[in-house]
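Participant: Fold the following and give me the result.
(one chain, ligands or ions: 1)
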Amino acid sequence: MKNKAFLHRFGFAIQGLQDGWRRERSFRTQALIGLIVVLGAALLGISGIWLAVIGLAIAVVLAAELFNSALEALVDHLHPEVHPEIRVVKDMAAAGVLLVCLGALTVGLLFLAAHS
Ligand SMILES: Nc1ncnc2c1ncn2[C@@H]1O[C@H](COP(=O)(O)OP(=O)(O)OP(=O)(O)O)[C@@H](O)[C@H]1O
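Facilitator: Numbering: from 1, shown residues only. Coordinates of the predicted model:
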């Protein structure tokens with residue numbers, strides 16, 4: 001499975017996006033919020049740099065959610081039983097998503113403050 005051509009690897013990534021969309025409600029919610037924010041920003045005609053920062057914040061949130069979901073799926077598959085270490089792994093992954101979401105929220109608040 002190693003060293004596949006770029007198009008193959010791109011296909012795997014698209015498949016991962018579809019799996020994330022199909023299996024994870026939080027990913028769907030965050031993706032829809034991101035879409036609404038980008039559409040709203042485009043309608044307001046905001047400047048290029050703000051669009052870039054907001055787009056990056058949305059992409060980082062979605063990527064963090066996918067990493068978190070992938071880790072959860074792996075852990076649940078390898079170790080379905082309850083275990084204190086699994087709790088730590090899942091809670092730390094969830095904390096990572098929370099931090100990224102707080103960062104994105106800060107970007108949103110700074111944008112609103114700069115445009116009000
Ligand atoms: N196998 C386990 N052993 C110990 N604690 C667990 C285990 N599975 C889940 N937990 C605890 O329950 C919390 C929620 O776990 P869960 O897998 O349902 O995550 P979730 O973020 O709610 O996932 P989903 O996106 O599937 O709703 C974890 O953060 C962890 O604290």
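
Participant: what about the chain, any weak spots by pLDDT?
Facilitator: For the chain, applying pLDDT under 70 flags the ranges 1.

Participant: ok, now with 80
Facilitator: Residue ranges of the chain with pLDDT under 80: 1-4, 116.

Participant: can you give me the helices for it?
Facilitator: Secondary structure of the chain (DSSP state H): helices at 6-23, 25-44, 48-78, 84-114.

Participant: In CSV, list those helices along with distance to the ligand.
Facilitator: Just so you know, the C-beta spots here come from the backbone N, C-alpha and C atoms, and that holds for glycine as well. Below are the helices of the chain laid out as CSV (distance: least, CB to the nearest ligand atom, whole Å):
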stretch, distance to the ligand
helix 6-23, 8
helix 25-44, 6
helix 48-78, 5
helix 84-114, 3
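
Participant: Mind checking which residue lies nearest the centre of this protein?
Facilitator: residue 62 (1.3 Å; CA atoms, centre = their mean).
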